[in-house]
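**Student:** Below are the sequence and a predicted model; questions follow.
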Amino acid sequence: MFYQSVIVLLPLGFLILKAFHIPPSLFLRDIQSPRLLAACRLSFGLSAVAAMAATLLGGVTAWTLARIPFPGKRIVDALIDLPFALPTSVAGITLTALYSPNAWIGHLVAPLGIQIAYTPLGILLAMLFVSFPFSVRTLQPVIEEIPREIEEAAALLGASPGITFLRVLLPPLRSAVGTAFCLCLARSLGEYGSIIFIAGNRPLKTEIAPLLIVTRLEQYDIHGALILAMILLIPSLALLTLLHRFRLQRIP
Amino acid sequence: MTEPVPIRRLLVSLTLLIVGVLLMLPLGAVLFEAFRDGIPAWIRAVRDPETLAALSLSLRLTLAAVPLSALFGLAAAWCLTKYRIPGDALFHALLDLPLAISPVVIGLALVLTWGPRSPLGRHLPPILFAFPGMLLAVLFVTFPYVARELIPLMTAQGTEEEEAAALTGAGFFCLLRRVTLPNVRWALFHGFVLAAARSLGEFGAVSIVSGHIRGRTLTLPLLVEMFYNEYRLRDAFAVASLLTLTALLTLAAKSALSRRIRYRNSLRSTPKAGR
């Protein structure tokens, strides 16, 4: 417990304590600055979209991995955790190498008028990449645990496969889907390493909130960095509480 | 297997498509870019003194962080599952914390706490922009992994075996060595692997506390960034491929270990179900 306090609670305590020392007038002025507003809008908006996409794609993948045998499944299953094991800077330069306008995929979609790297689309992609394993790994064990009997019962009672899925199989997954979404959202919101490479980092356009914290810190604008850190920290803590509640629901 | 065959095929192809585009493609790209100029160029980039310095720093950080966080994880899991203590709900909630908070916020918190002008850092030798500060950052992000692996397993195993050992006269260390550790061995290794991967690869938090001093406080992931920003793309991708190969090893170890854990659990649970 002592270890945990020194490593984790002490720094966070300091952070919050320092935040209370910020003069309120400065705080009010800062949260109206266009650069901060743009960064927050971008971060929150994109991470919500990315979390939804990750939950959906992760759900499909988890369902397949949990219930359908296919050749090469063990390799696919092991690969799911790649974004977790790969350092984020490596992920960042690789995604940029794939999606920038004169690279492999970027080159293919450029004639269609789509640019992925250095636009919000690229940020979205990086967020999806880093949060994908969290969604699969949250949903997969829960899908595996659905008892076969309840589907058989539903089929015997005359439910079509579609109805069975919607009415019988989906409801017990609700808290797991919630957990997956919250985890992905928290991860996307805070992600820094992989995004800074692909985003282009133009202020007001493709500058995410964590990057703005770093920029402000480098300019010795501690108060500015703190304000933004609080804006990111509070939703993370809220998500954490939500997660905890989902977990409690699942136990019975 | 209640899904009709066409739906099954659709699901498998969707999954392969998702995994292919999202995961395999970047994997291939990293290796392709790294070896584009041939193997000699790759070896030259890897043997660059800056790369070697970063490699040794990364390894030292990992070697220091993993045992500490394993020791802590074991102690925490032991306290939480074998005894009842006040505040354990708070502790459980905190286990998710480093996953939920932005690494940048973690870095900022460390700077404010241990920096030269903070009330704590003032009385200490310089921590920030040096090894201790980076170690603190790595410890912050790796602390939950071992504990998260052990807690569910040790909860499931209960305290019966320890009680039996204690009644037959086993001392604390004997009990730990002969009963508890063998029971959780594979889960412990699994946590080890995860913590090692995370401490080798952590970028955001370490980047803020490291100060980017060339040859002194650059870890491998930070070096990738530096090379990339200096347009030394080949070197950046060579270092990146080194990290990617480590990541692949991690994945292999992880998948082998989790299969073993599942196997052991199935062995353990069968006789209990029969009782």
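**Tutor:** Done, it's in.

**Student:** Quickly find the element holding A:Ile234.
**Tutor:** Counting by DSSP states H and E, the element that carries A:Ile234 is helix A:222-250.

**Student:** low-scoring stretches of the stretch 101-250 of chain B, by residue?
**Tutor:** Low-confidence segments of the stretch 101-250 of chain B, defined by pLDDT under 70: B:121.

**Student:** and the residue in it that chain A sits nearest to, how many neighbours does it have?
**Tutor:** Per Cβ to the nearest Cβ, B:Ser102 is where the stretch 101-250 of chain B lies closest to chain A, at 2.8 Å. Using the backbone N, CA and C atoms, a C-beta is placed for each residue, glycine as well. Using other Cβ atoms under 10 Å in any protein chain shown, the number of residues around B:Ser102 comes to 25.

**Student:** Who are the packing partners of the longest helix along chain A?
**Tutor:** With DSSP state H applied, the helix covering the greatest number of residues in chain A is identified as helix A:34-67. Counting by 3 or more Cβ pairs under 8 Å, 6 or more residues apart in numbering or on different chains; DSSP states H and E, the packing neighbours recorded for helix A:34-67 are helix A:73-79, helix A:120-144, helix A:174-190, helix A:209-218, helix A:222-250, helix B:5-19.

**Student:** Flag every buried residue along the third one.
**Tutor:** Buried residues in helix A:174-190, counted by 16 or more other Cβ atoms under 10 Å in any protein chain shown: A:175-190.

**Student:** Can you tell me what sits against stretch A:142-159?
**Tutor:** By Cβ atoms under 8 Å, 6 or more residues apart in numbering or on different chains, the list of residues contacting stretch A:142-159 from outside reads A:62-63, A:66-67, A:161, A:163-164, A:167-169, A:172-173, A:176, A:250, B:2.

**Student:** Neighbour-wise, which one of the residues you listed leads?
**Tutor:** Highest neighbour count within the contacts of stretch A:142-159, by other Cβ under 10 Å: A:Ala62, with 26 neighbours.

**Student:** low-confidence ranges in the stretch 101-250 of chain A?
**Tutor:** A:248-250.

**Student:** before we move on, the earlier item: including distance to B:Leu176, could the helices and strands packed on helix A:34-67 go into CSV?
**Tutor:** Putting the helices and strands packed on helix A:34-67 into CSV (distance: least, Cβ to Cβ, whole Å) gives the following:
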stretch, distance to B:Leu176
helix A:73-79, 32
helix A:120-144, 29
helix A:174-190, 33
helix A:209-218, 41
helix A:222-250, 29
helix B:5-19, 41
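
**Student:** now for the ones you listed, which one comes closest to A:Leu95?
**Tutor:** Evaluated with Cβ to Cβ, these place helix A:120-144 nearest to A:Leu95, the distance being 5.7 Å.

**Student:** if I look at A:Thr64, how far off is B:Ser118?
**Tutor:** 50 Å (Cβ to Cβ, to the nearest Å).

**Student:** Apologies, that question was intended for B:Met154.
**Tutor:** Using Cβ to Cβ, one obtains 37 Å as the distance from B:Met154 to B:Ser118.

**Student:** cool, and A:Asp221?
**Tutor:** As it turns out, when the distance is counted by Cβ to Cβ, A:Asp221 lies 17 Å from B:Ser118.

**Student:** same deal with B:Gly171?
**Tutor:** Using Cβ to Cβ, one gets 43 Å for the distance from B:Gly171 to B:Ser118.

**Student:** Now do the helices in the stretch 101-250 of chain B.
**Tutor:** Secondary structure of the stretch 101-250 of chain B (DSSP state H, counting those that start in this stretch): helices located at B:103-114, B:131-157, B:160-167, B:172-175, B:181-201, B:204-210, B:220-229, B:233-274.

**Student:** B:Met154 and B:Ser118 - which one has more neighbours?
**Tutor:** In terms of neighbours (other Cβ under 10 Å), B:Met154 is the more surrounded of B:Met154 and B:Ser118; the figures are 21 against 17.
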